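S.K.: Mind folding the following:
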Amino acid sequence: MDNLTVKKYTLKKVSNAVSYKIDYEKELNPAQLEAVKQKEGAILVIAGAGSGKTKTLTYRVARLIEDGVNPKNILLLTFTKKASHEMLSRAAILLDSRCEQVAGGTFHSFANIVLRKYSALLELQNNFTITDRTDSEDIVNHIRANTIGKQEKRFPKKGTILDIYSKAVNKNMPSDEIIAREYKQFEHCTEKINIIIREYAEYKRKNSILDYDDLLLYLKTLLESNPEIRKKLSNQYKYILVDEYQDTNTIQAQIIKLLASEHNNVMAVGDDSQSIYSFRGANFKNILEFPQTFPNTKIIKLEQNYRSSQNILALANELLLKAKEKYTKNLFSMIENPEKPALISATDMNVEAAFVAQRVLELTEEENLSLNDICVLVRSARMTSNLEIELAKRNIPYRKFGGMKFFETAHIKDIIAHLRVILNPSDIISYTRILLLLDGIGNQSANKLLPVLAEDGDISEKKLPVKNPEAVIRLTQLININQKDIFNPKKVVESVLKYYEPIMMDKYDDYTKRQKDLDHFRSLCEKYSSLEDFLSDLALEPPDTSVVDIEEGAHKDEFLTLSTIHSAKGLEYKAVFIIGAVDGKFPSMFSFNTPEELDEELRLMYVAVTRAKTHLAITYPIDMFDYSTNMVLSKPSRFFDGIGQDILEKWVIEE
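M.R.: All right, here's what the predicted structure looks like:
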């Protein structure tokens, strides 16, 4: 023990600012490297499917910061919060933590932040509520009921009216023109539709409510009507990066131009061949006209694909050649696989479904694929019904994408309505919803109560025009008490859940399932320091799945994916089946009217094909009856006309 030397250890703090030299030439292919190294001016990166656009944007962020750009001068706009978070996290791993200081998020979340800061300039309250689609429809329905007569015929439903309004906003067109172009059957009531739209806009302003479209519209108005604010924001965000530019609508493209007005340093990354969201207002022309919007644009094409085999890309390239308007590109891959894509005909939909189910089992048993590696894609969600029956027969677990979202479930909407009223008592729609949860209160009682609740003074001392005043008093006490704690959302949520759980138990027979959603909701609010931020994020980036709406079999470790093509964009699988590829269904016969609509259907097929890594089978029944037209559809999709067997093999299913 006397000779034992005891070493003394000390701790040295590691600085977060430690940077690593990135070898860009080694990590990137020539086209990616060219895009990353461009610093000034407008850049349009045409990123073919699977060509590493996320990697390119990530390295671009790191390179700018490495070149001395302040992270707070960079704005990264994406279409999901998850996408921006992933890019900035990866950039931070590449370089250092400065990358996480970049302003990143969706167009809507960025608009929300700016509008809260400058709300007074637009005569908005900074505690405005953001409504989702269902709440907006409820407001429209309330106004609609007071506008049209009981004898009115062929008047659009609330959802259609909201669609007309939304398209008018996103396409920057008068509602009259939208009706004339897309809703001719309602031209006879254009005047009343416009009255509803005007009253809807006025209702939102009066009650400090914004919907998704308003966020963009108000931001554009702010930038256009306040040159000083526009200049300030443009100088703050000296480098703007936009992901999935082909999915932007007219207003989003205008916002980008306004934000870049002082410097024109915009990098837009996207693929014109994956523009498939016109029904949401996306404007395909934005990416085609980018060089005209930003003069002296540098166009860079990413054509090397890191996902699919060359045989699959050969088919994708053939499809691209058929497009009327496009940026010419030729996808290529170093991935070799002898299997070619196949176009397979079945006698009818039952045989088609049986074959796909059989082939799924063969892939798992003979090719050693997991069910998680396999996806069945459809043009329309209704086209999976025969297959679902066949999968159930063979005990193949699956999950179908496109079901009820977490945020859309009634019990979660009930809770959020309580929170919205706590934050903004002027939110009449939310107030009505929570009043209707109380025993003995219907629409008439709620309408009588609302003016009384809006008055100042102690509600318990007033004569309430309802049979159950005690329940109303308990509700108002819940609201009043929690208004003092809006900067402690965890406490407010817990208080609301404690109040709401007995109501849920009475209202829903499956309340034990729904309880799990409530437990999840508790965890969602923990990272927030204000109720306003929590509700804004829930509205802008709602969680996806509710435990109430998970398909049978999806609880297992593995499941086959059934999905619409729109829902599968951005995903990839080792094996892909595209079913129902019969002309009239894919492309849809409703797209035959114009070349533009048919081109979008072609892009949809391109997206479907490029989800596959190694196995691709496209099936169609030669006996499909279409009830909407009373026609028998029998020909394969016209998109495969003229494509030879050397690229697309033709097979027939034999029983």
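S.K.: Residue 421 is in contact with residue 428, isn't it?
M.R.: No - in this structure residue 421 lies outside contact range of residue 428 using CB atoms under 8 Å: 9.3 Å. In this view, the C-beta of every residue, glycine as well, is placed from N, C-alpha and C.
S.K.: Looking at the two, which one has more neighbours?
M.R.: Between residue 421 and residue 428, counting by other CB atoms under 10 Å, residue 421 is the more crowded of the two (28 against 20).
S.K.: what residues are up against the more buried one?
M.R.: Each residue near residue 421 by CB atoms under 8 Å, 6 or more residues apart in numbering is listed here: 427, 430-431, 434, 479.
S.K.: which one of those residues is nearest residue 610?
M.R.: For these, the residue nearest residue 610 by CB to CB is residue 430; the value is 42.5 Å.
S.K.: What lies in contact with the helix or strand harbouring the closest one?
M.R.: Using DSSP states H and E, residue 430 maps to helix 428-435. Contact with helix 428-435 is made by 129, 131, 135, 138-139, 142, 207, 209, 413-414, 416-418, 420-421, 425, 441, 443, 445-447, 449-450, 453, 472, 475, as judged by CB under 8 Å, 6+ apart.
S.K.: which ones among the residues you listed are found in helices?
M.R.: Using DSSP state H, the members of the contacts of helix 428-435 that fall in helices are 135, 138-139, 142, 413-414, 416-418, 420-421, 443, 445-447, 449-450, 453, 472, 475.
S.K.: For this structure, which residues score under the pLDDT cut-off?
M.R.: 1-20, 149-153, 402-408, 457, 460-461, 509-510, 513, 541-557, 625-632 (pLDDT under 70).
S.K.: Now rank the contacts of residue 421 by neighbours and give me the top one.
M.R.: Going by other CB under 10 Å, residue 430 tops these with 27 neighbours.
S.K.: quick one: that one and residue 446, what's the gap?
M.R.: From residue 430 across to residue 446, the span is 12 Å (CB to CB, to the nearest Å).
S.K.: With just CA atoms, put the helix holding residue 430 into CSV.
M.R.: The C-alpha trace of helix 428-435 is given here as CSV (Å, rounded to 0.1, in the frame of the first residue of the first chain):
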residue,chain,number,x,y,z
ILE,A,428,-67.1,30.6,-30.2
ILE,A,429,-66.9,27.3,-32.2
SER,A,430,-64.7,25.7,-29.5
TYR,A,431,-66.9,27.1,-26.7
THR,A,432,-70.0,25.7,-28.4
ARG,A,433,-68.3,22.3,-28.7
ILE,A,434,-67.5,22.0,-25.0
LEU,A,435,-70.9,23.3,-23.9
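S.K.: what's the angle between it and helix 443-454?
M.R.: Helix 428-435 and helix 443-454 are oriented at 110 degrees to each other (axes from the mean of the first three to the mean of the last three CA atoms, to 10 degrees).
S.K.: Identify the residues contacting stretch 25-40?
M.R.: So stretch 25-40 is contacted by 24, 43, 45, 52, 55-56, 59-60, 63-64, 67, 265, 267, 269, 298, 300-304 (CB under 8 Å, 6+ apart).
S.K.: So which of the residues you listed sit within strands?
M.R.: 43, 45, 267, 269, 298, 300-302 (DSSP state E).
S.K.: would you turn those into TSV with distance to residue 611?
M.R.: Below are the ones in strands among the contacts of stretch 25-40 laid out as TSV (distance: CB to CB, whole Å):
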residue	distance to residue 611
43	27
45	21
267	26
269	19
298	30
300	24
301	21
302	18
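S.K.: And stretch 179-192, what's buried?
M.R.: 179, 183, 186, 189-190, 192 (16 or more other CB atoms under 10 Å).
S.K.: got it, and stretch 321-336?
M.R.: Under 16+ other CB under 10 Å, the buried positions of stretch 321-336 are 322-323, 326-327, 329, 331, 333, 335.
S.K.: Could I get the contacting residues of residue 441?
M.R.: Per CB under 8 Å, 6+ apart, neighbours of residue 441: 435, 449, 466, 468, 471-472.
S.K.: Closest one to residue 531 out of those residues, please.
M.R.: For the contacts of residue 441, the nearest to residue 531 is residue 435 (20.3 Å; CB to CB).
S.K.: what's the burial count for residue 361?
M.R.: 12.
S.K.: Which is the succeeding secondary structure element to the strand or helix carrying it?
M.R.: Element membership of residue 361 [criterion: DSSP H and E] is helix 349-366. Next along the chain after helix 349-366, taking DSSP H and E as the criterion, comes strand 374-378.
S.K.: could you check the angle helix 349-366 makes with that next one?
M.R.: Using the same axes, to 10 degrees: strand 374-378 against helix 349-366 is 160 degrees.
S.K.: elements contacting the following helix or strand past strand 374-378?
M.R.: Where DSSP H and E defines the elements, the next helix or strand beyond strand 374-378 is helix 385-393. Packed against helix 385-393 by the contact rule (3 or more CB pairs under 8 Å, 6 or more residues apart in numbering; DSSP states H and E) you find helix 349-366, strand 398-400, strand 560-564.
S.K.: buried sites along helix 385-393?
M.R.: Residues 386-388, 390-391 are the ones in helix 385-393 that count as buried (16+ other CB under 10 Å).
S.K.: Return the member of the residues you listed nearest to residue 624.
M.R.: For the buried residues of helix 385-393, the nearest to residue 624 is residue 386 (10.5 Å; CB to CB).
S.K.: what's the burial count for the residue lying closest to the closest one once chain neighbours are set aside?
M.R.: If the residues on either side of it in the chain are set aside, residue 386 comes closest to residue 353, at 4.1 Å by CB to CB, 6 or more residues apart in numbering. By other CB under 10 Å, the residues close to residue 353 number 24.
S.K.: surely residue 353 meets residue 392?
M.R.: No - contact between residue 353 and residue 392 fails when scored by CB under 8 Å: they sit 10.9 Å apart.
S.K.: Identify the single longest strand in this protein, thanks.
M.R.: strand 612-621.
S.K.: Direction included, what does that one pair up with?
M.R.: Strand pairing for strand 612-621, determined by DSSP bridges: strand 342-346 (parallel), strand 573-578 (parallel).
S.K.: I'd like the ones you listed laid out as TSV, including mean neighbour count and distance to residue 277.
M.R.: TSV is the format used below for those (neighbours: other CB atoms under 10 Å; distance: least, CB to CB, whole Å):
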stretch	mean neighbour count	distance to residue 277
strand 342-346	20	27
strand 573-578	24	19
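S.K.: So which of these is nearest residue 118?
M.R.: strand 573-578 (44.6 Å).
S.K.: Flag every buried residue along whatever helix or strand comes next after that closest one.
M.R.: Downstream of strand 573-578, the next assigned helix or strand under DSSP H and E is helix 595-609. Within helix 595-609, the residues that qualify as buried are 598-609, counting by 16+ other CB under 10 Å.
S.K.: any chance of these in JSON lines, plus distance to residue 620?
M.R.: Below are the buried residues of helix 595-609 laid out as JSON lines (distance: CB to CB, whole Å):
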{"residue": "598", "distance to residue 620": "18"}
{"residue": "599", "distance to residue 620": "21"}
{"residue": "600", "distance to residue 620": "20"}
{"residue": "601", "distance to residue 620": "15"}
{"residue": "602", "distance to residue 620": "16"}
{"residue": "603", "distance to residue 620": "19"}
{"residue": "604", "distance to residue 620": "15"}
{"residue": "605", "distance to residue 620": "12"}
{"residue": "606", "distance to residue 620": "17"}
{"residue": "607", "distance to residue 620": "18"}
{"residue": "608", "distance to residue 620": "13"}
{"residue": "609", "distance to residue 620": "14"}
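S.K.: what's the spacing between residue 590 and residue 282?
M.R.: Distance from residue 590 to residue 282, by CB to CB: 18 Å.
S.K.: Which member of the contacts of residue 441 is positioned nearest residue 159?
M.R.: Using CB to CB, residue 435 comes nearest to residue 159 of those, at 24.0 Å.
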